[in-house]
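> Curious how this folds, go ahead:
(chains A and B)
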Amino acid sequence: MKEVILPELGEGIAGGDIINVLVKTGDTISEGQTLCEIETDKAVVEIPSPASGTVGEVRIKKGEQAKVGSVILTLESTGAATPAASPAPTPTPSPQPAAAPTTPPPAAPAARQELPTPKTEIATPRKAGSPPKSVPAGPATRRFARELGINLSEVIGSASGGRIVIEDVKRHVRELTSRQHSFAAPGTPAPAPLPDFSKYGPIDIQPLPSLRRKIAEQMALAWQIPMVTHYDEADITDLDAFRRRFAARVKDLGGVLTVTSFALQAVADALLEFPHFNASLDLAHGTVIYKNYIHIGVAVDTESGLIVPVIRDVNKKSLKELCHELAQLSQKARDRKVTVEELRGGTFAISNLGGVGGTGFTPLVNPPQVAILGLARGAIRPVWRNNAFEPRLMLPICLSYDHRLIDGADAARFTRRVVLGLEEFAGKLL
Amino acid sequence: MSNPTSTYEIVVVGAGPGGYAAAFMAADLGKKTALVDASKQPGGVCLQRGCIPSKALLHFAKIIREARDAAEHGLVFGEPTLDLDKIRAFKNKVIGNLCGGLEGLCKSRGIDYINARASFENSTQLSLDNGTTLGFSHAIVATGSRPVIPKAFDLGDPRIMDSTAALELADIPGNLLIVGGGYIGLEMGTVYSALGSKVTVVEMLDGILMGADRDLVVPLKKRLDKEFEAILVKTKVAKMEPRPEGIAVTLENEEGSKTLLFDKVLISTGRRPNHESIGLEKTRVVVTPKGFIEVDNKGRTSDPNILAIGDIAGEPMLAHKASREARVAVEALCGHPAEFDNLCIPAVVFTDPEVAWCGITETQALAEKRDVQVIKFPWAASGRAQSLGRTDGLTKVIYETGTERILGVGIVGDTAGEMIAEGALAIENALVAGDIGGTIHAHPTLSETFMETAEMLHGNATHIFRKKKA
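Numbers count the residues shown, from 1 in each chain, chains lettered A, B, ... in the order given. Here you go, the predicted structure:
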C-alpha cells in the first residue's frame, strides 16, 4: 500500500481545484493513467498515476481543493508489476513526530490518546539580558504586532537601519489582507461586507474557480495602472477579400486565417518601430526594461473564462506559421490543455472581440506589459474615396496603454502604424 | 479545606516594586485585588532596606566628596561633622514618605493591603499568619530575595552585618571589611568611607564588579584605590572570629595568609530568592535548584493559577526588571498582548563615579564573536565633564557593523545612572548611529558624549580628532 501524493504542478503553484476524479476504489489502473484533473490558476493539469495497481482509498473529491504534497489516493501495487523502486517520489507524510522511535511498530493510532497530556504550557525560561539579536523594532511596535498576530521577522522596516515602525506593520497587514481578498488590489481597502441578498429573493452561492480568482486578482492589479484608450479604424476591405480567398487553403493546412493573424504581424512591425510599447516599467529601480523579443499574448474566450496564450517571436514568423500556431494554441486553451509555460513571457497582448460583436471597448493593460490592442467588429461603412462614398469594411481598433510610460501622441502614432500594417498587408507578403 | 475568609480575583504576595506594581496594574484593569506583605507598609526591600535608603546615604557621601574635591579647586568647607541621628532620620523620612505614598495609592485604587505572612495551601488558597485564609483566582508571587550570609560567617555577632544591617547605620566603624566586590559592597563601602570608615574590600574573583566591562571599572577602581584602605582581589576569607576588640578575619591569597582586625564586617556576597516557607510545594509551581520559580515570558508558572515576578522569578535581581515583569504578567493575564520581550535591562552601580550599562557588553560581544564596532568617548573631551572637574568618565557604545544599530551602551562617570536611560531607549527601539548623531543633545551636558560616539563612528566627531587611515 502506497500513498500517491499530488506532485509539483509548476513554479509557484500550491495546488488547485479538483474538477474531475477519474478513478474509484477497486479500479485497476496502469502507470501513467490519469487519476484526476486539477484546475490551477493557470491551466487544467492531468495527474498521471506514478505506478500500476489497485486503487485503495480515494482521498479527494470533485470540487474540493488539493494542495501539492497532499495524498490523492492509496494504491495497492499488483504483484511484480511495479518493483519496489517506484519512480515517483512519494514521501509519506507521517503524522507522528520524528522523535518517537521507541514506539513499537504495530502500535495502534489510538495509543496516542493515552499519552499524558502535557502540563500547562510553559515556555522555556528566558535568559535575562540576552543579546538583542532580534528584529529591529521598538516595544510599542512589537506589542502592536503581537496584538495583530504578525510575525515581525516578515515585516520590512522602513526606518533607519531597517527599523520597523508601526506604519510598517500596518502596511504589512494591508498587503496580507489584499492578498487574501484577491479582488482588492494592494493598497485598496477591503471590500465592504455584502448585504444578505437572500432577503430579496432566492440565491445560489457557488465557489469561485481558481481561474476566475486569478483573473480577478490580475484585473484588480491592472486597474491600478493609469491607462488611456485610443481609438482608430482600419480599412480591411482588401484584407478581408484576401482572407476569404485563402481561408479554405489555410484551413486544409491546419491553420486558421483570421484578422488576428494579420494583426499579429502589424503589431509586431509597430513594436519594432516603437520599442517602448514592448517594454516594462520598473519604478522600484527607476528603469524601463526593453525586451529584444516580441511575444504576443492572444486573448482566447473559453468556457471557463479568459485565457491568454503567448505566441513567441511573432516578428520572426510568416503569416502561415502564425495562422497555424494561433489555431493550435486557441484550441489548446479552449481544451484547457495549454501549459503554464505557454501562458508566460508575453510582451504585448491582442484581444479580438470581432467575432462576438461591439463597436469598440477599452481593453485592460495586463501588467507588467504596457499596452494592449483591442479589435472590435468590422462593419461596412460609406467611406469618402476617389470623390465618392464607397462601401468599405472598416475595423474599429482600440489601444489601451500605460500613460506612465507612453504618451498620447505616441499611442496615436503606434495605432496609425498598426492601421497601416493592416491596410497595406500585401506589402508584407512581398 | 475550609472556606476562605475572603476571595479575590488577584492576590499579590509580596509588596516590593514588583508586587505593588502588579497589584496597581491589576486594580487599574478592574480586578478585585489584595496585596499581602509581612511589613506594615508596602515597599519591600527596595524601599525599606535596599535601593532607596542606600541612595539616601549615598547622597550624603557624594556631598562630602564633592566638598573635598572642591577644596582642591579653592572652595574650602572644612571637615564635615556628622549627626548620625539626623542622617538616619532623613533616611527614614524618605522611606516613610515613599511607603506612605504607596499606602495611599493602594487605598485610592481600592486594593486591600494585608499585613501578614502568607503561605499557599493549594493552587487556590493562601493561609495567613493572622489566622485567615484568602481565596484567589490568580496569585502573583513576588516574594523577592534577601541577602545571604554564608554559614561560616553567620556567627551571631551583630558586628557581622548584611546589607540590611549596614543600612541601619548604627555607627561609623573605624575599620570596615566588606566581603564581596559586587555593587552592594561597593556602594556601602562608598557610604561608609565617606562617613569616615577605613574600608577594605575583599573579593574572590580577580576584579571588582565582574559583570561590567573592565574599561568601565578602571576610573572607579582608580578613585576607590584612593578612598578605600585596600581592595584585595583574588583573596578569600578563610576564617572569621569575633573577639572583644573586633572581628579577626584571616585573608588568604597567592601571597599567603594574614589575620586582620576589623571593627565591623559587611557580608555582601549575594542574594537568594525567598522561595522557602511560602507553601510552593503545595502548588504545581516548579522551583529551580537555585531557588527561582520557573516562568515564561508572561510570568506564568507551571501552575495555571499562579504567576511569579521579580527576584523570585530569576536573575537579574533588579527592581526595574520586577516592575516591568509585574505589568506584563498582569496585562497578559487580562488578555492584553503583553510579553516580557525586552532587549535590555539597564544595570547601575551608584558608586562614585557611577557605572551603568545595558544591552550587550563589549566582553560579551567579543566572546560571541559578534560583528560590532566599539566606540569610546573619553570624558576629558567633554566640556561639561571638565567644568565639573569630573573627567574620570567614559561613554562607550557598541554598534552593529553594517546596520550601525546600537546593541550595547556602557558608561562610567558622574550621573552615568541617569545617562544610561538614553542608551536603553536606543537599544530597545533599535536605533542606529544616525538617529543618535542626528538628535540634538543639549550643550553643555554629559549626554553629548553619547551623541559624539555616533559621530566618531562616522569619523567626524566634533570634539575628537583622529587621523583617517589612508
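> nearest residue to residue 371 other than its sequence neighbours?
Just so you know, I chose chain A. Nearest residue to A:Ala371 in three dimensions, chain neighbours excluded: A:Tyr401, at 4.2 Å (C-beta to C-beta, 6 or more residues apart in numbering or on different chains). To be clear about C-beta, it is placed using only N, CA and C from the backbone, and glycine gets the same treatment.
> Hmm, no, I was thinking of chain B.
Nearest residue to B:Asp371, sequence neighbours excluded (C-beta to C-beta, 6+ apart): B:Thr401, at 4.3 Å.
> Quick check on that neighbour: phi, psi?
phi -60, psi 140 (degrees, to the nearest 10).
> same check, this time on A:Ile372
phi -150, psi 140.
> For the residue of the stretch 51-200 of chain B found nearest chain A, which non-adjacent residue is closest in space?
For the stretch 51-200 of chain B and chain A, the shortest gap (C-beta to the nearest C-beta) falls at B:Ser123, measuring 10.7 Å. Closest residue to B:Ser123 in three dimensions, ignoring its sequence neighbours and counting by C-beta to C-beta, 6+ apart: B:Asn305, at 4.6 Å.
> Tell me the spacing between that neighbour and B:Glu331.
For B:Asn305, the distance to B:Glu331 (C-beta to C-beta, to the nearest Å) stands at 17 Å.
> go on, B:Glu66?
Computed as C-beta to C-beta, the B:Glu66 to B:Glu331 distance reads 42 Å.
> And the two? Which one has more around it.
Using other C-beta atoms under 10 Å in any protein chain shown as the criterion, B:Glu66 and B:Glu331 rank with B:Glu331 on top: 20 against 17.
> where does the more buried one land in three-state SS?
helix (DSSP: H, G, I helix; E, B strand; the rest coil).
> Identify the residue nearest it in space, chain neighbours excluded?
B:Ala338 (3.7 Å).
> again, but for B:Leu98
In space, B:Leu98 comes closest to B:Leu47 once its chain neighbours are excluded; the distance is 5.2 Å by C-beta to C-beta, 6+ apart.
> what's the answer for A:Leu353, then?
Nearest non-adjacent residue to A:Leu353, counting by C-beta to C-beta, 6+ apart: A:Ala376, 5.9 Å away.
> Longest strand in chain A, please.
With secondary structure taken from DSSP state E, chain A has its longest strand at strand A:388-402.
> The helix or strand just after that strand - contacts with which helices or strands?
Per DSSP states H and E, strand A:388-402 leads on to helix A:408-423 as the next helix or strand towards the C-terminus. Helices and strands touching helix A:408-423, by 3 or more C-beta pairs under 8 Å, 6 or more residues apart in numbering or on different chains; DSSP states H and E, are strand A:227-235, helix A:237-252, helix A:259-273, strand A:371-375, strand A:388-402.
> If we use 10 Å, what do you get?
When contacts are defined as 3 or more C-beta pairs under 10 Å, 6 or more residues apart in numbering or on different chains; DSSP states H and E, helix A:408-423 packs onto strand A:227-235, helix A:237-252, helix A:259-273, strand A:371-375, strand A:388-402, helix A:425-429.
> can you list the residues that contact the helix or strand that the fourth one is followed by?
For strand A:371-375, the following helix or strand on the C-terminal side (DSSP H and E) is strand A:379-385. Judged by C-beta atoms under 10 Å, 6 or more residues apart in numbering or on different chains, the contacts made with strand A:379-385 from elsewhere in the structure are A:233, A:235, A:237, A:354, A:359, A:388-396.
> show me which of the residues you listed neighbour chain B.
Among the contacts of strand A:379-385, no residue is within reach of chain B (C-beta under 10 Å from any C-beta of the partner chain).
> Measure how buried A:Glu283 is and give me the count.
Quick fix: residue A:283 is Leu, not Glu. The number of residues packed near A:Leu283 is 9, by other C-beta under 10 Å.
> the helices in the stretch 301-450 of chain B, which residues?
B:319-333, B:362-367, B:383-388, B:416-428, B:433-437, B:448-457 (DSSP state H, counting those that start in this stretch).
> Repeat that for chain A.
Taking DSSP state H, the helices of chain A run over residues A:139-148, A:166-180, A:210-223, A:237-252, A:259-273, A:319-334, A:408-423, A:425-429.
> Return the most buried member of those.
Comparing these by mean neighbour count (mean count of other C-beta atoms under 10 Å in any protein chain shown), helix A:259-273 ranks first with a mean of 23.
> For the stretch 151-300 of chain A, give me the ranges with low pLDDT.
Within the stretch 151-300 of chain A, the stretches with pLDDT under 70 are A:179-191.
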